[in-house]
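A.B. asks: below: sequence and its predicted model.
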Amino acid sequence: MVTNATGTTLMCLGPSSSFEVRPVLRRKPAAGEIEVAVAAASVNPIDVRRAQGYGRRLLSLVGAGRFPMVLGNDFAGPVTALGDIDAFKIGDRVYGVKPPSAEGKAVQSRHMKVELASAQRRRHSCQRHSRRAACSSEGRSLS
């Protein structure tokens, strides 16, 4: 993958505001990271609440509480680039949960970087990408 390649991401512009697709710079994964081409991502109740401004104070502690922000945590898709790791190879189909971050490395992006601990190889009863994205945190956001 080229270091200065661009991708796209869906940005939430402000509390109860509109969304906009924006270009983002794709950087090569660092050691312990992989890049995933997001084939499916979920929208959970907490994402809807975050779009309304919920949790801004707490998320600001990790630099992820400011608008515009990229929403979403659950993802599924193939690995497209590797940092210095042996646990995955390009083309592996993975799913997982990505914590909120300030860098826009969230699941509503076309490509995203995730730490090795945030992704699992497809060994799950959910076989399709759309189902695997939903399986990552199924039941955790029910309230």
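C.D. replies: On my side now, so go ahead. Residues are numbered from 1 along each chain as shown.

A.B. asks: you'd agree residue 117 is in a strand?
C.D. replies: No: according to DSSP: H, G, I helix; E, B strand; the rest coil, residue 117 belongs to no strand; its state is helix.

A.B. asks: helices or strands next to the longest strand seen in the chain in the packing?
C.D. replies: Of all the segments assigned as strand in the chain under DSSP state E, the longest by residue count is strand 74-82. Applying 3 or more Cβ pairs under 8 Å, 6 or more residues apart in numbering; DSSP states H and E, one finds that strand 74-82 contacts strand 33-37, strand 40-41, strand 93-97, strand 111-115, helix 129-135. For the C-beta atoms, the positions are set from N, CA and C on the backbone; glycine is no exception.

A.B. asks: is residue 24 bridged to anything, and to what?
C.D. replies: Here residue 24 sits in beta bridges with residue 7, going by DSSP bridges.

A.B. asks: and the helix or strand where residue 21 lies, what does it pack onto?
C.D. replies: Assigning secondary structure by DSSP states H and E places residue 21 in strand 19-25. Based on contacts counted as 3+ Cβ pairs under 8 Å, 6+ apart, the elements that strand 19-25 packs against are strand 6-12.

A.B. asks: helices or strands up against the strand it packs on?
C.D. replies: strand 19-25, strand 69-70.

A.B. asks: quick one: it to chain centroid distance?
C.D. replies: A distance of 11 Å separates the centroid of the chain from that of strand 6-12, by Cα atoms, centre = their mean, to the nearest Å.

A.B. asks: which parts of that strand are buried?
C.D. replies: Neighbour-count burial for strand 6-12, counted by 16 or more other Cβ atoms under 10 Å, picks out 7, 9-12.

A.B. asks: cool, stretch 73-91 as well?
C.D. replies: Of all the residues in stretch 73-91, those buried under the rule 16+ other Cβ under 10 Å are 73-83, 88.
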